[in-house]
Structures are given as C-alpha cells and as structure tokens.
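Peer 1: Pasting the sequence and the predicted model now:
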Amino acid sequence: MEDLLNSLSTYGYIILFLYSFGGGFFALVAAGALSYMGKMDITTSIAVAVVANYIGDMFLFYMARYNKQFTQPYMKNHRRKFALSHVLIKKYGNWVIFIQKYIYGVKTLVPIAFGLTKFSFTKFGILNVPASILWGLFFGLLSYWGGEQIVNAFGYIKSNPIIMPLVLLTFGSLIWWYFSYATKKKS
C-alpha cells in the first residue's frame, strides 16, 4: 500500500492531468483524498485538474469545429446522447457549459456539440474558464474536506471486497437507466 501511495504522489499529477483532460473527476477526488493524507498538494492538484479540463474541452470543441471527420465515428455511436446535448444547449444556453461538467456521460459530448454549431470559439473559451475553475474547486475541495470519510470508505471496501462490485453495478445501472430514459423516443 505504501508503494502505491509513493507512486501516486510521484506520478499523481501526470495521471491527474491526463484523466482531467478527458473530463473525469475521479482522479481529482483521489488527489483531494491524497492531499488530505499529505501525499499531494491540494492547490497544485486543483490547478492541474482545472488546466487539463479546460484544455480538454477546448480540444474537443476545436476538433468538432475544424476536424469533423474526427467526430463522425463518435457521433454514429452516440446519436441519442448528441441529441440530448443539443436539447440541453437549446434549453439552457450558455449555462450548459457549466452544467455539463457535472453530468457523467455528457461532459465530453457538450463541447463537441457546441463545436458543431456556430457558437463562437472565443466565447466558449471565455465561459469555459470559470466553469473549469468552479468544477476543480468543487470536486477538489469537497474531496479534501471529506478526505477522512473517503479514506475510511476505502478501508471499509478493502475489508469487505464484495461491496465494490455492488457499488459499481448500481452506479452503472443508474447511468444506463438515465440515458435510456433521457434519450428514449417520445411517441
């Protein structure tokens, strides 16, 4: 366990950058818990995650806008999710840039959906700055302040290994149900 913590504190910022570039928040939560334990620095972790998340969203927007062939295969597999993204954009406008960072399964699609519209690249970039900062502060500080509970939960899961598959199955089922419900054809 000590070797794992040492390697995470050594390579943790690189892992955090790469994971946050893709829009994920689990690495930031882990970095917050490791910061609580003294293995990482919370300020550096939040800064790395915010920068990576911002760059990742801008990359997706850029690729959708200027390299449509990049997004075509992805769009074929996720047509209903893209439709949901467009509905969210029409319904909530600019607020979707802030909201999408907290919705699992949609956070990578919304920048692509914005890139496929005539939405200004500059405006998206400007709105993405506070959205990324709020996202990083929310998950980083929440996990840092709740570090003791996270460490205790992982200790409990380690002593009761059957719990993790049940949690993952429940979480996966809820995500599947949400997307089935949200993207269901209305008759």
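Peer 2: Perfect, I can see it now.
Peer 1: what stretches of the chain score poorly on pLDDT?
Peer 2: Within the chain, the segments meeting pLDDT under 70 span 1-9, 179, 182-187.
Peer 1: And the helices in the protein, which stretches?
Peer 2: With helices called from DSSP state H, the chain shows them at 2-21, 26-36, 42-66, 68-77, 79-92, 95-99, 109-116, 121-145, 147-159, 163-182.
Peer 1: packing partners for the second one?
Peer 2: For helix 26-36, the elements it packs on are helix 2-21, helix 42-66, helix 121-145, helix 147-159, judged by 3 or more CB pairs under 8 Å, 6 or more residues apart in numbering; DSSP states H and E. Backbone N, C-alpha and C define where each C-beta goes, glycine included.
Peer 1: what's Met63 in contact with, if anything?
Peer 2: 70-71, 112, 115 (CB atoms under 8 Å, 6 or more residues apart in numbering).
Peer 1: and the two most separated of those residues?
Peer 2: Phe70 and Gly115 (10.1 Å; CB to CB).
Peer 1: shared neighbours of the two, anything?
Peer 2: By CB under 8 Å, 6+ apart, Phe70 and Gly115 have these common neighbours: 63-64.
Peer 1: Can you pick out the residue with more neighbours from the two?
Peer 2: Each of Phe70 and Gly115 has its neighbours counted (other CB atoms under 10 Å); Gly115 has more, 23 against 13.
Peer 1: separation between the more buried one and Lys68?
Peer 2: Separation of Gly115 from Lys68 (CB to CB, to the nearest Å): 9 Å.
Peer 1: Lys39 too?
Peer 2: Distance from Lys39 to Lys68, by CB to CB: 43 Å.
Peer 1: Which one's more surrounded, the two?
Peer 2: Lys39 (15 against 12).
Peer 1: so the more buried one touches Gly12, yeah?
Peer 2: Yes - with contact defined as CB atoms under 8 Å, Lys39 and Gly12 form a contacting pair (7.5 Å).
Peer 1: if we can go back for a sec, need the winner for burial among the helices and strands packed on helix 26-36.
Peer 2: helix 42-66 (a mean of 20; mean count of other CB atoms under 10 Å).
Peer 1: before we move on, the earlier item: which member of the contacts of Met63 is positioned nearest Gly155?
Peer 2: For the contacts of Met63, the nearest to Gly155 is Ile112 (39.1 Å; CB to CB).
Peer 1: Name the nearest residue to that closest one, sequence neighbours excluded.
Peer 2: Among residues not flanking Ile112 along the chain, Ala64 sits closest, at 4.2 Å (CB to CB, 6 or more residues apart in numbering).
Peer 1: Ok, Tyr36 next?
Peer 2: Gly147 is the one closest to Tyr36 (CB to CB, 6+ apart), at 2.4 Å.
Peer 1: Show the contacting residues for the one you found.
Peer 2: Gly147 makes contact with 32-33, 35-37, according to CB under 8 Å, 6+ apart.
Peer 1: Great, nothing more from me.
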